[in-house]
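need a 3D model of the following:
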Amino acid sequence: MSKNNYRVRFLSIAEEDLTEIISFIVSDNVKADEELVNKIEKNLLLVSLNPLLGKIPADVDLKSLGYRYLIIGNYLIFYTIEKKTILIHRIIHGARNYKLLLAGQ
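Sure thing, here's the model as predicted:
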């Protein structure tokens, strides 16, 4: 990894989100599970190279907290940038009330 890359670190709640998502998908379709994990890994690599890649939320409260997000299929990956680290806060299905889930952190 280049010295210009940012380190990607999952908060424990984001790790739980990912585990739950994978468990849910794998019960239905193992191939879809692998595809989603590959897409997530690819996008996190891209964001480690360019932390400003993610969109800024339209919600004023989330924007003021410094959140950015990536859209991967039906899921939103919310992160913040702190020094040379991308902190993954949550991975949330887009149909859920993500503002409420992020406020609970």
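
what about the strands in the protein?
In the chain, the segments counted as strands under DSSP state E are 7-10, 68-72, 75-82, 85-93.

could you pull up the residues touching the most centrally placed residue in the chain?
The centre of the chain sits closest to I77, judged by C-alpha atoms, centre = their mean, with a distance of 2.2 Å. Going by C-beta atoms under 8 Å, 6 or more residues apart in numbering, I77 touches A14, I40, N43, L44, G54, Y69, L70, I88, R90, I91. To be clear about C-beta, it is placed using only N, CA and C from the backbone, and glycine gets the same treatment.

now distance to L100 too, for those, in TSV please.
Output for the contacts of I77, formatted as TSV (distance: C-beta to C-beta, whole Å):
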residue	distance to L100
A14	16
I40	23
N43	24
L44	24
G54	20
Y69	15
L70	20
I88	18
R90	11
I91	15
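
N97: which of those residues is nearest?
Minimum distance to N97 across the contacts of I77 is 11.7 Å, recorded for R90 (C-beta to C-beta).

pretty sure the closest one contacts K99?
No - taking contacts as C-beta atoms under 8 Å, R90 lies outside contact range of K99: 10.8 Å.

who has more neighbours, these two?
Between R90 and K99, counting by other C-beta atoms under 10 Å, R90 is the more crowded of the two (24 against 14).

how close does the more buried one sit to L101?
The gap separating R90 from L101 is 6 Å, by C-beta to C-beta, to the nearest Å.

hmm, back to that, which residues does the residue nearest to the centre of the chain form a beta bridge with?
Beta-bridge pairing for I77 (DSSP bridges): L70, I91.

roughly how far does I77 sit from L44?
According to C-beta to C-beta, I77 stands 8 Å off from L44.

what is in contact with these two at once?
I88.

run the chain-centre distance for stretch 13-21.
With C-alpha atoms, centre = their mean, to the nearest Å as the basis, stretch 13-21 stands 10 Å off its chain's centre.
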